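Colleague: Any chance you can model this:
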Amino acid sequence: MSLQSDTKRNLWMFPLGTVGRDMSYALFTNFILTYILFTRSLTAAQLSAVTAIMVAARVFDALNDPIMGNIIERTRTRFGKFKPWLAIGAVSTSFVIYFTFNAQLQGWSFILFFGVVYFLHSITYTMHDISYWGMVAALGSDADARNQFTSRATLFAGIGGTIASMLIPMLTTGDMTIGGSASVAYGRIALIIAILSPLFLCFTIFGVREQRRAVEEKAIPISFRKIVSTITGNDQLMWIAVIFLIHQLGNGLTLAGIGSTYIYFDFGYSGGLYSLFSTIGVLATAFLMMFYPAISRRIPRKRLMRIMMACSIAGYTVMLLSTLLPSQTVRFWTVTLGYMTANFGQYSFYLVMMISIINTVEYNEYLHGERSEALIASLRPFLTKLGSAIIVAITSLSYIVFGITGITNQISSLESAASTGLITEVEKLSSINQVLGGVQPWQTRGLFLCMTVLPCLFMLASHLLYQKHYKLDEPEYNRICTELAKRQEVNA
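Modeller: Prediction:
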């Protein structure tokens, strides 16, 4: 099969594989804290324990992700170095997700169980996440092709995440709740996603043909020294890691729990409203992901980031101005459209930084003669997870500061009563509306500021650092690729 036909095939088979993966990621990352808050009655100590577990698991990933990348680098099989770990990771992650959302434990027994499964998820998801994104560098080093693979994979990842973000609130909150209670609904959704995730990855495992040049080389030994030297020996990798982490804090803060709680408190306990907010919020990003390759041929990355920074500031400003509007309906749509505008800029940053991390593979080869594809790719999921842990800490802190758990504990008690048949679904919803009637304006405004002002500040910081410290712009990257091609001709 020709290289061109391989590329065309890969441009469909590779991105299709991540649809189910990102559905499971959205469920476990964006909704795990909401699931716990609205299905368990937590003391302040228990909420602090949940937060500590999440943060500790992400610190654990500081070692786990690069080690997994190093293991993948030295994997030598007839199926390549990526695909075996895609299969193992996908299946094991599905088992973890199913058991996490179907446990019937309460109190400290649940906290202990949660600690075990959360660490297990860190291990199993890392296996296929690093394998998946590490494969991008093995699909080709041509800048335009890499932009297409990255943007299309990100688009399909967004489709999976958006489907989950749209349906999960609708089917777990309000009058469309599956089984009449949030705990039953989350359990059934987890089962469906646990089946879909490995099925979608079959497109990548069986349909993608990657370059396997590294398989013919001698496997490198696993060592912390190798991991540290690869990261510290690549100045551009270190800078983009810091920049990406800061950006992730702003990019993920709204949809990781604060956004849904704010919508329920300010506009009513209806999953459909939050589905509208989150779905429309990411709708415009589909345009960017589809047309990013064409845009990147006309607008340099740093200039594009300046444009999108202004776009996001405008969006967050519109959200803040919505507080001046008297009509609740108009205010909801103003907040939603403002978030869509802000998120459009945020996701353009994300896409640029994804490519910026991958491009350090050639820079590493230029400096040290080694590509270290999986090892470098392991930083992206590690930073995403570390960012999500910090977001959880910020979210939990905001819940404690603004007294949110006092409200959610009452709601979770009503959800539990409905799941055991002590009250009807109609009685549950009526009681929850009464509980929400007691929410104070300062509590709602506090959540709102956390999902507008903080993300904007994080984004601005990442923008300034990228403009100053990241040097691998288009001309420099092309120069490095040309030099590497000359070296290969000499060594051929």
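Colleague: Could I get the full set of helices for the stretch 1-150 of the chain?
Modeller: According to DSSP state H, counting those that start in this stretch, the stretch 1-150 of the chain carries its helices in the segments 3-16, 18-25, 32-39, 44-73, 83-100, 107-134, 143-172.
Colleague: what would those helices look like in TSV with mean pLDDT?
Modeller: TSV is the format used below for these (pLDDT from 0 to 100):
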stretch	mean pLDDT
helix 3-16	76
helix 18-25	91
helix 32-39	86
helix 44-73	80
helix 83-100	93
helix 107-134	89
helix 143-172	82
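Colleague: any idea which of these is most buried?
Modeller: Using mean count of other CB atoms under 10 Å, the stretch among the helices of the stretch 1-150 of the chain with the largest mean neighbour count is helix 18-25, at a mean of 26. Backbone N, C-alpha and C define where each C-beta goes, glycine included.
Colleague: Check which helices and strands that one sits against.
Modeller: helix 83-100, helix 107-134, helix 143-172, helix 182-207 (3 or more CB pairs under 8 Å, 6 or more residues apart in numbering; DSSP states H and E).
Colleague: Mind putting those into CSV with distance to S24?
Modeller: As requested, the helices and strands packed on helix 18-25 are arranged in CSV below (distance: least, CB to CB, whole Å):
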stretch, distance to S24
helix 83-100, 6
helix 107-134, 8
helix 143-172, 8
helix 182-207, 5
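Colleague: Tell me which of those lies nearest to A256.
Modeller: helix 143-172 (11.0 Å; CB to CB).
Colleague: for that closest one, packing partners?
Modeller: helix 3-16, helix 18-25, helix 182-207, helix 271-296, helix 328-358, helix 474-491.
Colleague: Looking at those, which one is packed in the most?
Modeller: Mean neighbour counts for the helices and strands packed on helix 143-172 (mean count of other CB under 10 Å) peak at helix 18-25, with a mean of 26.
Colleague: and stretch 323-341, what's its mean pLDDT?
Modeller: For stretch 323-341, mean pLDDT rounds to 93.
Colleague: Kindly report the same for stretch 209-219.
Modeller: On average, stretch 209-219 scores 59.
Colleague: can you check stretch 362-376 too?
Modeller: On average, stretch 362-376 scores 81.
Colleague: A44: which of the helices and strands packed on helix 18-25 is closest?
Modeller: helix 107-134 (12.8 Å).
Colleague: Tell me what angle that closest one forms with helix 143-172.
Modeller: 160 degrees (axes from the mean of the first three to the mean of the last three CA atoms, to 10 degrees).
Colleague: quick one on the thing from earlier: quick one: the helices of the stretch 1-150 of the chain as JSON lines, columns for distance to S296 too.
Modeller: Shown next, in JSON lines, are those (distance: least, CB to CB, whole Å):
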{"stretch": "helix 3-16", "distance to S296": "16"}
{"stretch": "helix 18-25", "distance to S296": "20"}
{"stretch": "helix 32-39", "distance to S296": "34"}
{"stretch": "helix 44-73", "distance to S296": "26"}
{"stretch": "helix 83-100", "distance to S296": "27"}
{"stretch": "helix 107-134", "distance to S296": "19"}
{"stretch": "helix 143-172", "distance to S296": "5"}
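Colleague: from what I can see I432 touches Y269, true?
Modeller: Yes - here I432 lies in contact with Y269, judged by CB atoms under 8 Å, at a distance of 5.0 Å.
Colleague: what do these two both touch?
Modeller: I411 (CB atoms under 8 Å, 6 or more residues apart in numbering).
Colleague: For the helix or strand harbouring C456, give the mean pLDDT please.
Modeller: Per DSSP states H and E, C456 falls inside helix 453-469. Helix 453-469 shows a mean pLDDT of 95 in the predicted model.
Colleague: Give me the contacts around it.
Modeller: 239-240, 242-244, 246-247, 249-251, 253-254, 302, 305-306, 309, 312-313, 316, 320, 342, 345-346, 349, 352-353, 356, 394.
Colleague: Swap in 6 Å and give it another go.
Modeller: W239, I243, I246, H247, L249, G250, L253, K302, M305, M309, S312, Y316 (CB atoms under 6 Å, 6 or more residues apart in numbering).
Colleague: Then stretch 393-400?
Modeller: Taking CB under 6 Å, 6+ apart as the rule, stretch 393-400 contacts L47, T51, V55, G257, I258, T405, C450.
Colleague: What is the nearest of those residues to S275?
Modeller: G257 (15.3 Å).
Colleague: How many residues are close by that closest one?
Modeller: 29 (other CB atoms under 10 Å).
Colleague: Help me confirm that it comes into contact with F31.
Modeller: No - with contact defined as CB atoms under 6 Å, G257 does not reach F31; the gap is 8.1 Å.
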